[in-house]
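Novice: Sequence plus the predicted model coming up.
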Amino acid sequence: MNSQEKEVFCQLMACLVSPPDQEIVPLIRQGTLHALMLEHLRSWGGEERFLDGFLLDGDTEALLKELGETYRRLFLDVAGERISLVESYYKPWTQDMTCSLPFASERGNLMGDSALHLSVLFQEAGLQAGEEFRGCPDHLVIELEFLAHLYRGATEIDIRTFIRDHLDWIPLLKEEIKKSHPHPFYVSVLEVLDLFLKKEEGKRE
């Protein structure tokens, strides 16, 4: 993949971890999403079973309803699984050893160090998170959109640094998903994303 293809890939992944809409469902039903990801997966040496969740049947409305209800159960509903898509949730709230707040070293809180750092990065790049992400600028959707932005002109070192610093929590998110009776679609999304990030950072399994 060249830089432009990686930018488009990150934009697509940002859409896939957003609430599903009418535009993404036809790509699933027609097999376009599976075919695209299969091409990438083969170049990365990944297992084709990672893509099983992209092979979905059903008419557009039924599939949109199915994915929408699953997304709400997993990521939005208070009475649902409530799996967080926010980086701060998976890390200590701050690395500042002088912070005296009782929850400073705890996980599960928002607006931690990662959120503050991303806010600075956005400001330096002349970008601004949408209104719905003002309280969580380190939401996965925003991080993927920013990574897409980096592929437009940032150095390879800057890109790898961003992935290492801000997208190293995806394996933890994968584990949370697997505990929660996940829809195979979201399992596949995270498997593909994790594989891409590891290849980009230069990791090896």
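Specialist: All right, it came through fine.
Novice: Now tell me what touches stretch 169-185 from outside.
Specialist: Here stretch 169-185 makes contact (Cβ atoms under 8 Å, 6 or more residues apart in numbering) with 28, 52-54, 56, 66-67, 70, 74, 81, 83-85, 87, 90-91, 140, 186-187, 190-191, 193-194, 197. Placement of C-beta: from N, CA and C, glycine included.
Novice: likewise stretch 14-25?
Specialist: With contacts defined as Cβ under 8 Å, 6+ apart, stretch 14-25 is touched by 33, 60, 63-64, 67-68, 71-72, 76, 85, 140-141, 144-145, 148, 189, 193.
Novice: One more: stretch 53-61?
Specialist: Applying Cβ under 8 Å, 6+ apart, the contact partners of stretch 53-61 are 22, 25-26, 28-29, 31, 33-34, 37, 63, 66, 183-189.
Novice: cutoff 10 Å now
Specialist: Defining contact as Cβ atoms under 10 Å, 6 or more residues apart in numbering, one finds that stretch 53-61 is touched by 16, 22, 25-29, 31-38, 62-67, 182-192.
Novice: can you tell me which of those are in strands?
Specialist: Judged by DSSP state E, strands contain none of those.
Novice: Buried only: go through those for me.
Specialist: Buried members of these, counted by 16 or more other Cβ atoms under 10 Å: 16, 25, 27-29, 33-34, 36-38, 63-64, 66-67, 182-183, 185-192.
Novice: List the ones among the contacts of stretch 53-61 that fall in helices.
Specialist: 16, 25-29, 32-38, 62-67, 184-192 (DSSP state H).
Novice: May I see the buried residues of the helix-or-strand element of the chain with minimal mean pLDDT?
Specialist: The helix or strand of the chain with the poorest confidence is helix 113-125; it has a mean of 87 (mean pLDDT, DSSP states H and E). The neighbour-count check on helix 113-125 (16+ other Cβ under 10 Å) flags 113, 114, 115, 118, 119, 121, 122 as buried.
Novice: now the helix or strand just after that helix against helix 113-125, angle please.
Specialist: Where DSSP states H and E defines the elements, the next helix or strand beyond helix 113-125 is helix 140-150. Angle between the axes of helix 140-150 and helix 113-125 is 40 degrees (criterion: axes from the mean of the first three to the mean of the last three Cα atoms, to 10 degrees).
Novice: how far out from the middle of the chain is helix 140-150?
Specialist: Offset of helix 140-150 from its chain centre (Cα atoms, centre = their mean, to the nearest Å): 9 Å.
Novice: now stretch 31-42
Specialist: For stretch 31-42, the distance from its own C-alpha centre to the chain's C-alpha centre is 18 Å (Cα atoms, centre = their mean).
Novice: what does that stretch contact?
Specialist: By Cβ under 10 Å, 6+ apart, stretch 31-42 touches 1, 5-6, 8-9, 12, 16, 24-28, 46-56, 185, 188-189, 191-192, 195-196, 199.
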